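here you go, sequence then predicted model.
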Amino acid sequence: MADEPRALRPASAVRARATSALQRLQPALAEHARASLGARDAAALLARVQRRFIDVYQALDEVYGATGDLDGLMADLLRLVADAAATRDDDLRVLDHRREIAPDWHLREEQVGYVCYADRFAGSLAEVADQLDYLSGLGVTYLHLMPLLRPRPSPNDGGYAVVDYRAVDPRLGDMTDLEQLAAALRGRGISLCIDLVVNHTAREHAWARRAAAGDPVYRDYYHVFGDRSLPDRYSATLPEVFPDTAPGSFTEVPGLGWVWTTFHDYQWDLNYANPRVFREMLDVMLFLANRGVEVLRLDAVPFLWKREGTACLNEPEVHSLLQAFRGLVGCAAPAVVFKAEAIVGPDELVRYLGVHDRHRPECELAYHNQLMVMGWSSAASRDVGLMTQALSRMRPPPPTTTWVTYVRCHDDIGWAVADEDAAARGLDAFTHRRFLNDFYSGSFAASFAHGALFQANPVTGDARVSGTAASLCGIEQALELDDRALLGQAVRRLLLLYGLAFSYGGIPLIYMGDEIAQVNDAAYTDDPEHTQDNRWLHRPAMDWAAAERRHDPASVAGMVFEGLRQLGAVRRGLPALRAGGDTRPLWTDDPAVFAYARIHPREGTFLGLANFGDFATSCDAGILGAAGLRRPWDALAPDGRFGLHEGRIHLPGLGMLWLTDD
Ligand code: OTU
């Protein structure tokens, strides 16, 4: 019933309350800020608060409005924000200033990302700092280091079970090392991204230990139930993330009760219905921002809110929480952007970039898992119909946000094929997913891929796929068969998928080892801590011996490294690849040729053509006009020329064109 007035008088009533709340809270905040920040920075802080206050207030009202004193909560959170602003280093304040002047930094065509485990790449954080020349040689401007905050001892899900958000995993170094690395990266124009596991803590985290010891304050930090009745009701509609190794979503903890554990039993979901949890996590975000982290990868965000009768994924409150975090962190550390880790269907995905009834600032970046999945789908079927259909239907991200475009990451590939997209192409989504699983796990006879099924669920028939990009593309098979022709094809396939990631619009992400074509690490089973989780198949240690060969064009590592380096170099020279414009797939008259146009209001036009077929083909050149190109040339060709005869554009097998105008 409390919701009714809100529904009748939607945003305006909340805005009016927000405006008066701001008036009430502002004098104390101003005084506090002037005392701790000095006049200039205090003025900047206040301007940011004024700009974002309504967004934050409205978002918090949606989550906590019914529970009590919103003004008090706002005052408390703003105090945290002001304290974080006051302890922010000068260097970072300069960065804030630069980013406020040029807020489009993450959209720029120069951006190239790299993602790796610090230990598997270099050893420690200090040793990562020794490899910056290698990264610069690849054109990297954005470095995502996999989970590095102090995890519980193994098993810890590759670091996604944190016991202390304010400490570094001692195997990698300490907080000072992290700050020094962030500063060294900043000095080179490389932004540091780290994982923040917001959905759950390790069961050994101090909050969880206090909860287990009976402290009611901390019990409320988690979802704890006295018996199975509510867990059973929730479970009726919950998906299982790890049905194989961690079935169910609740774990019985002696003396405490049933605890919500979406992932493993040692990963306890936080209870965001409790404003204290929100406050704690905000404090952690501000702490990490002040260490020099520029991008926070917010792990597993779709799961943040629970509602009975639903899958407890993508609930509206998740977005309100992210919007509130966004606004508050932005007041203290405007240089910091958020990256949503939401591996969900296409309709839900764009919401994490703030696409709602109107644009609500939320995350600036989100993984484009739909592009990733569709790339692999097209590579297997040599048919781009489903990809064209699915990507055409997606709503464009707001112009201040963009995708992180990628080919592989540390997780499995989950086949997010929407039923309606499959149906539109005369496919059955389930059958197509089964085909992809068969194809990439190698049980499909004509497959080029070496991979493995992950979390095959006999009840639902669902499964996902593990394997490195090189192995899934056919490089491992070609090497085994010692077949040069197949190898050339497999390398072109890998570069085709990366070419898509580098040109679709967004920050392309190179997953460590892909640049030197690292194949599956079959030895992961030797490690008792990893053997149950075949995602370690595609988390090998960096093969520095192969990396040594990266300048040798006759080696596989050399072909791929040089190919990726060139994609980055060409991308840097193409303003039309700056994110912010819209990317639209176009239909061609060849089922294997994917076309996508970027129509940028300022930076010009771009048409990408990618032939997913193994053999040379052509498509109708009318597409040039449809994309708005008048005098096209191919930015990937050294002389700009491409095959255009008798009204048809010719592409080699697994070849691509990046066409742009004079
Ligand atoms: C994430 O993935 C991480 O990327 C995984 O490595 C972790 O195991 C997990 O969270 C728990 O921290 O379900 O199969 O929509 O897809 O959060 C992997 C988001 C996952 C989920 C994603 C999750």
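Perfect, thanks for sending it.

report the central residue of the protein.
The centre of the chain sits closest to Tyr367, judged by Cα atoms, centre = their mean, with a distance of 3.4 Å.

which residue, other than its chain neighbours, is closest to that one?
Nearest-residue entry for Tyr367: Val404, 5.2 Å, with adjacent residues in sequence omitted and distances by Cβ to Cβ, 6 or more residues apart in numbering. Any C-beta I mention is one placed from the backbone N, CA and C, and that applies to glycine too.

now the residue nearest to Gln566 when sequence neighbours are not counted: which helix or strand?
Counting by Cβ to Cβ, 6+ apart, Gln566 lies nearest to Leu636, which is 7.7 Å off, once chain neighbours are set aside. Counting by DSSP states H and E, no helix or strand carries Leu636.

surely Leu636 and Met656 touch.
Yes - contact between Leu636 and Met656 holds when scored by Cβ atoms under 8 Å: they sit 6.9 Å apart.

what residues does the protein put near the ligand?
157-158, 160, 197, 241, 263, 299-300, 302, 341-344, 410-412 (Cβ under 6 Å from any ligand atom).

and the residues you listed, which of them are buried?
157-158, 160, 197, 241, 263, 299-300, 302, 341-344, 410-412 (16 or more other Cβ atoms under 10 Å).

pull up the gap between Ala463 and the ligand, please.
12 Å (Cβ to the nearest ligand atom, to the nearest Å).

what about that residue, distance to Gly214?
Distance of Ala463 to Gly214, given as Cβ to Cβ, to the nearest Å: 41 Å.

higher neighbour count, the two?
Remark: of Ala463 and Gly214, Ala463 carries more neighbours, 24 against 10, as counted by other Cβ atoms under 10 Å.

check that one and give its pLDDT.
Looking at Ala463, its pLDDT is 96.

could you check the pLDDT of the closest residue in space to it that isn't next to it in sequence?
Distance criterion Cβ to Cβ, 6+ apart; nearest residue to Ala463, sequence neighbours excluded, is Ala456 at 4.0 Å. Here the pLDDT value assigned to Ala456 is 93.

can you classify Ala456 by secondary structure?
Following DSSP: H, G, I helix; E, B strand; the rest coil, Ala456 is assigned to coil.

returning to what we had before: the residue nearest to Gln566: how many residues sit nearby?
Using other Cβ under 10 Å, Leu636 has 19 other residues around it.

re the thing from before, is the residue nearest to the centre of the chain in contact with Ala342, as I believe?
Yes - taking Cβ under 8 Å as the definition, Tyr367 is a contact partner of Ala342 at 7.2 Å.

can you map out the strands along the stretch 301-450 of the chain?
Taking DSSP state E, counting those that start in this stretch as the test, the strands found in the stretch 301-450 of the chain are 337-340, 365-367, 402-406.

how about those strands in TSV, adding mean pLDDT?
Converted to TSV, the strands of the stretch 301-450 of the chain look like this (pLDDT from 0 to 100):
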stretch	mean pLDDT
strand 337-340	98
strand 365-367	98
strand 402-406	98
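
local confidence estimate at the residue of the stretch 401-550 of the chain found nearest the ligand?
In the stretch 401-550 of the chain, the residue that lies nearest the ligand is Asp411 (4.7 Å; Cβ to the nearest ligand atom). As predicted, Asp411 sits at a pLDDT of 98.

enumerate every residue touching it.
Applying Cβ atoms under 8 Å, 6 or more residues apart in numbering, we find Asp411 in contact with Ile343, Arg535.

distance-wise, check it relative to Glu646.
46 Å.

among the buried ones among the residues of the chain next to the ligand, which pair sits farthest apart?
Spatially, the most separated pair among these is Gly158 and Val344, at 20.6 Å (Cβ to Cβ).

quick one on the thing from earlier: between the buried ones among the residues of the chain next to the ligand, which is nearest Ala13?
Out of these, the member with the shortest distance to Ala13 (by Cβ to Cβ) is Pro302, at 29.0 Å.

buried set for stretch 310-324?
Of the residues in stretch 310-324, Cys312, Leu313, Asn314, Glu315, Glu317, Val318, His319, Ser320, Leu321, Leu322, Gln323, Ala324 count as buried by neighbour count, 16+ other Cβ under 10 Å.

same question, stretch 383-393
By 16+ other Cβ under 10 Å, the buried positions in stretch 383-393 come out as Asp383, Val384, Gly385, Leu386, Met387, Thr388, Gln389, Ala390, Leu391.

now do the contacts for the nearest residue to the fifth one once chain neighbours are set aside.
To tie it back to what came earlier, the one meant is Met387. Once flanking residues are discounted, Met387 sits nearest to Met374: 3.7 Å by Cβ to Cβ, 6+ apart. Contact analysis of Met374 by Cβ under 8 Å, 6+ apart lists Leu386, Met387, Ala390, Leu391.

list the contacts for the third one?
Looking back up the chat, that one is Ala390. For Ala390, the contacting residues are Pro346, Gln370, Met374, Val417, Ala418, Asp421, by Cβ under 8 Å, 6+ apart.

change it to 6 Å
Ala390 makes contact with Met374, Asp421 under the criterion Cβ atoms under 6 Å, 6 or more residues apart in numbering.

domains in the protein, as residue ranges please.
Per automatic domain parsing, the structural domains of the chain span 200-269, 576-661.

could you dump these to CSV with mean pLDDT?
Output for those, formatted as CSV (pLDDT from 0 to 100):
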stretch, mean pLDDT
domain 200-269, 96
domain 576-661, 95
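
for those domains, give me CSV that also has distance to Leu181.
Listed next are the domains of the chain as CSV, based on distance: least, Cβ to Cβ, whole Å:
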stretch, distance to Leu181
domain 200-269, 24
domain 576-661, 26
